[in-house]
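# coordinates only, sequence not included:
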């Protein structure tokens, strides 16, 4: 039994902070308030705290009170059999969920995982919870108005008959696997049958091998000896030819002039000349700047200096200009002289480097020459001729041997194939017998599993179970419906294969449920809902003590309202909340929902 006890919330929908509702405080409680006060929000808050979603599909951003705009808090205490639970939800930018069992924190690392744990504890999914806990005239119990197939599925989920479906899936999978085994074994049998047919032997006699022709190794030894001799001659010939080439290269190099030049010439350093050139260029540049300065002063038309304003002595400027021009000419002459000297030294150094490289090349070639080798290359044609003749003779003998070997290999393969086929035939015959026995056993299992699969299908035990439960549900529904409608209406469930049809009888006439008026439909829905809850209390562990009837009394006449109250007051383990605009009943507890300055609160 699931007993929802205390619901506390702050800043949800139109509500302010610190709202408390004792869910199991009285048998029937009225929630009374005008439009927009938040009467219908309470079951949505209950859905949010238990399932993190609501049946109206309201987005999370629209749940916090817009006047407060600081997220919301919800907590719910409840018990499942002997265990006490508390779910606490705090939502700001993110959601924080804590779940306690007997005051011990059993929350998971994520909110999603915690809600998964909570759903396992409750033992009922969101859709079923919403339909058996909350009913209003706009979104009534979908069980009656759903398609025939979905109506049956709803009952399966609600009455926890899904184990039958699971068993069916298990046997269905087992049937598929066994059928696959039968197909696999039959495939092996077919393969063996084909092999036995394709490899049937008419002649099982063995063939004798041929004798190998005589083969002497004398020619092989002679060939190896000649090849070694030829290889040595070839190598010596290569060395002699290369050695003669080195000698010719050495003779082509004349070292007399190079040696004399290197011995009489030293490498000259040019660093001091480069430094001197830099200094002369710097001094020359200074003279050029002074010449430009005095030239610019001579070209000035004014009597005074444009910079300092003093009188200009043009005779003095001409004298200074002449001195700087003469000095510049001296630096130009010096620079030309030093550049010529540098060019001569660079040419001499380059020639010295070339002579040194020539001597180095000569010495390198000289080191490569082997003066122990002769100048003449030995003649190898005679040896090559002998080698070729011996190779031909050896090849012919080998070809004859290879022909005999190839034939003997064919004979060996033939004889081996006969032996293997005889051995495989015996093995395959044993396998065939074993597989035949195995497929018989598997087919026998498959037959039993097919019976079980059919038994647990929607047309088997499940249909039988539903048919019996539906009869109980039909009987309970009609008991409630008889009281609510003065015996006018009755309901009948018709089980057909995968479907569950609903037929409504109105004083002996069958009518479509969609043709009922709002008040008539409310009576049928409420009766069915109460019947489902009572049936669940007898067969299911997922029994919940809370029921919200939202605006249901608005479509009932006074007599209907009285009878509804009488029925609800008699219900065991049920705490009903009747939501209405203003209708009240003297025998019922009442909570007024008041909205002041755009903030709702509970009063009562």
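Everything's here; your move. Not measured: the values here are computed from a predicted model.

# can we go C-alpha only for contacts and neighbour counts from here?
Noted.

# residue farthest from the centroid of this structure?
Largest separation from the mean C-alpha position in the chain: residue 315, at 95.1 Å (CA atoms, centre = their mean).

# and that residue, that's in a helix?
Yes. The assignment for residue 315 is a helix, going by DSSP: H, G, I helix; E, B strand; the rest coil.

# strands of the stretch 51-200 of the chain, start to end?
Assigned by DSSP state E, counting those that start in this stretch, the stretch 51-200 of the chain shows strands spanning 72-80, 83-91, 95-101, 104-105, 134-136.

# relative to residue 254, which of those is closest?
When those are compared by CA to CA, strand 95-101 sits nearest residue 254, at 98.3 Å.

# for that closest one, give the mean pLDDT please.
Taken as a whole, strand 95-101 has an average pLDDT of 96.

# check stretch 359-373 too.
For stretch 359-373, the mean pLDDT works out to 84.

# stretch 483-492 too?
Here the average pLDDT along stretch 483-492 is 85.

# what residues of that stretch count as buried?
Using 16 or more other CA atoms under 10 Å as the test for burial, stretch 483-492 gives 483, 484, 485, 489, 490, 491, 492.

# and stretch 92-106, by the same measure?
97, 98, 99, 101.

# so for the first one, what's the nearest residue that isn't a sequence neighbour?
Which is residue 97. Once flanking residues are discounted, residue 97 sits nearest to residue 89: 4.7 Å by CA to CA, 6 or more residues apart in numbering.

# least trustworthy helix or strand in this protein by mean pLDDT?
Lowest on mean pLDDT, DSSP states H and E among the helices and strands of the chain sits helix 142-145, with a mean of 61.

# all helices of this protein, in order?
41-51, 111-122, 126-133, 142-145, 148-158, 162-198, 218-251, 256-264, 271-298, 314-368, 381-455, 461-485, 518-539, 558-570 (DSSP state H).

# run the angle between the third one and helix 41-51 for me.
Following axes from the mean of the first three to the mean of the last three CA atoms, to 10 degrees, one obtains 140 degrees for the angle between helix 126-133 and helix 41-51.

# show the average pLDDT along helix 126-133.
Per-residue scores along helix 126-133 average to 83.

# can you list the weak-confidence ranges in the stretch 401-550 of the chain?
Residue ranges of the stretch 401-550 of the chain with pLDDT under 70: 496-500, 536-542.

# quick revisit: and which of the buried residues of stretch 92-106 is nearest residue 81?
residue 101 (12.1 Å).

# and stretch 591-604, what's buried?
591, 592, 593, 594, 595, 599, 600, 601, 602.

# can you give the contact residues for it?
14-16, 19-20, 29-34, 37-39, 67, 590 (CA atoms under 8 Å, 6 or more residues apart in numbering).

# swap the cut-off to 7 Å and go again
14, 15, 16, 19, 30, 31, 32, 33, 37, 38, 39, 590 (CA atoms under 7 Å, 6 or more residues apart in numbering).

# so how far is that stretch off the chain centroid?
The chain centre lies 50 Å from the centre of stretch 591-604; the measure is CA atoms, centre = their mean, to the nearest Å.

# likewise for stretch 395-414?
For stretch 395-414, the distance to the chain centre is 61 Å (CA atoms, centre = their mean).

# then stretch 361-371?
71 Å.

# ok, now which ones touch residue 96?
Counted by CA under 7 Å, 6+ apart, residue 96 has contacts 89, 90, 111.

# out of those, grab the one that's most surrounded.
Of all the contacts of residue 96, the highest neighbour tally under other CA atoms under 10 Å goes to residue 89, namely 20 neighbours.

# could you check the pLDDT of it?
Listed pLDDT for residue 89 reads 97.

# mind listing what it touches?
49, 73, 74, 75, 96, 97, 98.

# what number of residues lie near the second one?
I take that to be residue 73. Neighbours of residue 73 (other CA under 10 Å): 21.

# with the first one instead?
Applying other CA under 10 Å, we find 22 other residues in the vicinity of residue 49.

# my guess is it contacts residue 72. True?
No. Assessed by CA atoms under 7 Å, residue 49 is found out of contact with residue 72, at 11.0 Å.

# for residue 523, give its distance to residue 406.
As for residue 523, its distance to residue 406 is 99 Å (criterion: CA to CA, to the nearest Å).

# the two - which one has more neighbours?
residue 523 (26 against 11).

# return the residues in contact with the closest residue to the more buried one other than its chain neighbours.
Using CA to CA, 6+ apart and skipping residues adjacent in sequence, the residue nearest residue 523 is residue 484, 6.2 Å away. For residue 484, the contacting residues are 523, 560, 563, 564, by CA under 7 Å, 6+ apart.

# of these, which is the most crowded?
residue 523 (26 neighbours).

# ok, now how distant is that one from residue 29?
Distance from residue 523 to residue 29, by CA to CA: 19 Å.

# cool, residue 173 as well?
50 Å.

# which other residues reach stretch 175-195?
For stretch 175-195, using CA under 7 Å, 6+ apart, the contacting residues are 428, 432, 435, 439, 442, 443, 446, 449, 450.

# please apply the same query to stretch 281-300.
When contacts are defined by CA under 7 Å, 6+ apart, stretch 281-300 is touched by residues 314, 317, 321, 324, 325, 328, 331.

# how many neighbouring residues does the last one have?
Think residue 331. Residue 331, neighbours per other CA under 10 Å, totals 21.

# and it, what does it touch?
So residue 331 contacts 280, 284 (CA under 7 Å, 6+ apart).

# just give me the neighbour total for the nearest residue to residue 38 once chain neighbours are set aside.
Once flanking residues are discounted, residue 38 sits nearest to residue 14: 6.1 Å by CA to CA, 6+ apart. Burial measure for residue 14: 22 neighbouring residues, criterion other CA under 10 Å.

# need the contact list for residue 14.
37, 38, 65, 599, 600.

# mind putting those into TSV with pLDDT?
Listed next are the contacts of residue 14 as TSV, based on pLDDT from 0 to 100:
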residue	pLDDT
37	91
38	92
65	92
599	94
600	95
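
# among the residues you listed, which two are most distant?
Using CA to CA for every pair in these, the one that comes out farthest apart is 37 and 65, at 12.2 Å.

# pLDDT score assigned to residue 155?
Taking residue 155 on its own, its pLDDT is 68.

# ok, residue 312 next?
69.

# what's the distance between the closest residue to residue 93 other than its chain neighbours and residue 600?
Among residues not flanking residue 93 along the chain, residue 71 sits closest, at 7.5 Å (CA to CA, 6+ apart). Between residue 71 and residue 600 the computed distance is 16 Å (CA to CA).

# what do you get for residue 94?
On the measure of CA to CA, residue 94 and residue 600 end up 25 Å apart.
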